[in-house]
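J.: A predicted structure for the sequence below; I have some questions about it.
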Amino acid sequence: MARSGSNRSRLLLVTLLVSSLLLITLDLRGVSLISGSRSAAQTVLSPIQKATSDIFAPVGRFLSDVKNFGKTKAEIQDLRTANARLKKQAVLNADIKGQLTQLRKVLDLAGRGGYKVVSARVIGRGSASTFSQTITLDAGSSSGIRNNMTVISENGLVGVVKSVTVNSSIVLLMSDPTFRIGVRVARSQSVGVLIGQGTNTYNLELLDPAGSLQIGDSLISIGSDNNRPFIPGLPVGVVTKVDHTETLLTQSATVKSFSNLNDLGIVSVVIQAPTTAPSKPINPTPNPTVTVMVTPVPAPSPSISASPTPSPSTSAKQAKK
């Protein structure tokens, strides 16, 4: 038994030596059995690897999505918040731009009239306790505003201050039915009273029955003692219709105000103004200069002479002869 085991060991050793010599000989001759084996194995295993990848790749992506879901949700929420903030900022920028435009125009009107004003923002409209037509401003007595001061817009008269607190004031609009103001017709200098009608149109009654009044006439404020409540020379409105009823003791007309009371963002309260009307009329907006190009017609040449044409009676006499 010992000899049999020894023979087997010797046989195994010889086999290993022969195999080693064979492999060394083949390698020296350029034959690569290992590379071929690898290539054959890769050829066999490649379809299996692809199938395995196709099966387990979605699972891997799903697990990755689940892992990053919380992070992606937070990023989406951040983007929504930033988008909302940008939209709000765009609205605020447009509002500021509109307010600056109105402020520039109302200050231009005040400058042309020589008025000292305090500009304020309209922060409320109407009153819950009354049916009067009013607006609320974000400036009050701390800014120098007092009762019975004239309020203007970029186009002219808006109303008069009726109530004041430290940081706010209430303005009675000229459209209120209780509103009255003395006006002068710019063209004829006729004097009348403008009355609010609760709408965007007004009624004008001339104090002089023989006064001149026609469509298109501009009205300016007469003014009050010490400029309270109204300052003189302020654009008020334009006549759109004249009532020619002969039975009326006074002439009346329908007037449209220069100021659009439904489009007020920035207004100015006149703190100080000249006691007399401006020497030049104040227009609500600057009138553009119209340039007319005239092409001269060339004069006729001196060499051209005109011959008289015989009258019909002369021709008839010649025909009878």
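T.: Everything's here; your move. Residues are numbered from 1 along each chain as shown.

J.: For the rest of this, base every contact and every neighbour count on C-alpha atoms.
T.: Will do.

J.: need the strands for the stretch 101-250 of the chain, in chain order.
T.: According to DSSP state E, counting those that start in this stretch, the stretch 101-250 of the chain carries its strands in the segments 116-125, 134-137, 150-153, 156-164, 169-173, 180-185, 191-196, 201-206, 218-221, 235-243.

J.: other SSEs contacting the fifth one?
T.: I take that to be strand 169-173. strand 134-137, strand 156-164 (3 or more C-alpha pairs under 8 Å, 6 or more residues apart in numbering; DSSP states H and E).

J.: which residue sits closest to residue 183, ignoring its sequence neighbours?
T.: Closest residue in space to residue 183, ignoring its immediate chain neighbours: residue 221 at 4.4 Å, by C-alpha to C-alpha, 6 or more residues apart in numbering.

J.: Let's see the pLDDT reported for the one you found.
T.: Looking at residue 221, its pLDDT is 94.

J.: Contacts only, for it.
T.: 181, 182, 183, 184, 230, 231, 232, 233, 234, 235, 236 (C-alpha atoms under 8 Å, 6 or more residues apart in numbering).

J.: so the last one makes contact with residue 219?
T.: Yes - taking contact to mean C-alpha atoms under 8 Å, the distance of 5.5 Å between residue 236 and residue 219 places them in contact.

J.: neighbour-wise, which of the two wins?
T.: residue 219 (29 against 25; other C-alpha atoms under 10 Å).

J.: how many neighbours does the closest residue in space to the more buried one that isn't next to it in sequence have?
T.: If the residues on either side of it in the chain are set aside, residue 219 comes closest to residue 185, at 4.9 Å by C-alpha to C-alpha, 6+ apart. The tally of other residues near residue 185 (other C-alpha under 10 Å) stands at 23.

J.: got it, and residue 79?
T.: Counted with other C-alpha under 10 Å, residues neighbouring residue 79 total 12.

J.: Ok, residue 271 next?
T.: Residue 271 has 17 nearby residues by other C-alpha under 10 Å.

J.: surely residue 267 meets residue 121?
T.: Yes - contact criterion C-alpha under 8 Å: residue 267 and residue 121 qualify, at 6.5 Å.

J.: Neighbour count for those two, which is higher?
T.: residue 267 (26 against 17).

J.: Just give the closest residue to that one, not the sequence neighbours.
T.: Ranked by C-alpha to C-alpha, 6+ apart and with sequence neighbours excluded, the top spatial neighbour of residue 267 is residue 153, at 4.9 Å.

J.: For the one you found, name its beta-bridge partners.
T.: residue 156 (DSSP bridges).

J.: Model confidence for it, exactly?
T.: So residue 153 comes in at 92 (pLDDT).

J.: so how far is residue 223 from it?
T.: 17 Å (C-alpha to C-alpha, to the nearest Å).

J.: Equivalent analysis for residue 216, please.
T.: 22 Å.

J.: who's more crowded, the two?
T.: Remark: of residue 216 and residue 223, residue 223 carries more neighbours, 22 against 14, as counted by other C-alpha under 10 Å.

J.: Not counting residues beside it along the chain, what's closest to that one?
T.: Per C-alpha to C-alpha, 6+ apart, closest to residue 223 is residue 232, 3.9 Å.

J.: just residue 135 next, same as before
T.: The nearest residue in space to residue 135 (C-alpha to C-alpha, 6+ apart) is residue 125, at 4.3 Å.

J.: Show the contacting residues for the nearest residue to residue 160 once chain neighbours are set aside.
T.: Leaving aside its chain neighbours, residue 160 sits nearest to residue 150 (4.7 Å; criterion: C-alpha to C-alpha, 6+ apart). Residue 150 is in contact with 157, 158, 159, 160, 161, 228, 229, 230, 231, 269, 270, counting by C-alpha under 8 Å, 6+ apart.

J.: can you list the domain ranges for this structure.
T.: According to automatic domain parsing, the chain comprises the domains 32-113, 117-272.

J.: Show the end-to-end separation of the longest one, please.
T.: From its first residue to its last, domain 117-272 covers 7 Å (C-alpha to C-alpha).
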